[in-house]
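Participant: 3D, please:
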Amino acid sequence: MKQTEYMKKIVLASTCLLLGLSLASCSNKKSDAEAQNVDSTQTVNNNNAPYAEPTQSNAYTTKLAGKQFEITISRVVDKTLPIVKDDLGKEFYDNRVDVVIKCNGQEFYKNSFTKDAFSEFLTTAADRQGTVLLGMAYDSAKSDGHAIRLGAQIGQVGIEEGPAFSIEIPLDGSAASIVRDNNQDTTGDDMTD
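Facilitator: You can find the predicted model right below:
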């Protein structure tokens, strides 16, 4: 059933993309005189610049093990990371996700994640190439009195599908761990995207 929903999403996304491209090509036509006045260097830079997803930040509050936690997750473009190129040759800047967790008002956990943090799980060429760190979100359903869990997803920009991960941050302060989430929720309702 998930595969049928996945195919519907792909068909819908493709249709929307084609419609958008058709409308854009019709509405952006210029007369020959206008086209001659455009600085060609500026046009090349604008059209060929890698795509950058917008910065996004989400904040969550939760009470676990009798303590109040404030979780801030911010996705930002990181131009120091390698440029990602999809199957069609379109280039994208990859993202970095900054996580800050406070416990009862004091900083408890702080880390920045890039796609490299998940590299040992990206076993196929499709997972490694043409994908970016799409985002992360607090997973309230899986968090408990022992750990805060965050969901993360790697995938192609615009498709919003790809391998998902669970990041476990123990409340006792021990090291965080990452595991591949084979029962992922691909709706993306809570993802920072």
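
Participant: next one: phi and psi at the residue most central in space within the chain?
Facilitator: The residue lying closest to the centre of the chain (CA atoms, centre = their mean) is L134, at 1.1 Å. When quoted as degrees, to the nearest 10, the phi and psi of L134 stand at phi -70, psi -40.

Participant: In a helix, A126, correct?
Facilitator: Yes - using DSSP: H, G, I helix; E, B strand; the rest coil, the assignment for A126 is a helix.

Participant: Could you check how many residues crowd around it?
Facilitator: Neighbourhood size, A126 [other CB atoms under 10 Å]: 13. C-beta coordinates here come from the backbone N, C-alpha and C atoms, glycine included.

Participant: quick one: R180 and S119 touch, right?
Facilitator: No - if you go by CB atoms under 8 Å, R180 and S119 don't touch, sitting 11.9 Å apart.

Participant: so where's this protein uncertain?
Facilitator: For the chain, the stretches with pLDDT under 70 are 1-47, 184-193.

Participant: Would you map the strands across it?
Facilitator: Secondary structure of the chain (DSSP state E): strands at 56-64, 67-77, 84-85, 91-92, 95-103, 106-113, 132-138, 147-155, 164-170, 177-180.

Participant: Now do the first one against strand 147-155, angle only.
Facilitator: Put simply, strand 56-64 runs at 150 degrees to strand 147-155, going by axes from the mean of the first three to the mean of the last three CA atoms, to 10 degrees.

Participant: Give the pairing partners of strand 56-64; include direction for each.
Facilitator: Strand pairing for strand 56-64, determined by DSSP bridges: strand 67-77 (antiparallel).

Participant: which of the residues in the strand it pairs with are buried?
Facilitator: Counting neighbours by 16 or more other CB atoms under 10 Å, one finds that the buried residues in strand 67-77 are F69, E70, I71, I73, S74, R75, V76, V77.

Participant: what do you get for stretch 105-122?
Facilitator: F108, Y109, F113, T114, K115, A117, F118, L122.

Participant: wait, the first one sits on K102?
Facilitator: When you say that, I think you mean F108. Yes - F108 is in contact with K102 according to CB under 8 Å; the separation is 5.9 Å.

Participant: what residues are shared contacts of those two?
Facilitator: Listed as contacting both F108 and K102 by CB atoms under 8 Å, 6 or more residues apart in numbering are F69.

Participant: ok, A59 to Q68 distance?
Facilitator: As for A59, its distance to Q68 is 13 Å (criterion: CB to CB, to the nearest Å).

Participant: Same check on L88?
Facilitator: Distance check for L88 against Q68: by CB to CB, it reads 47 Å.
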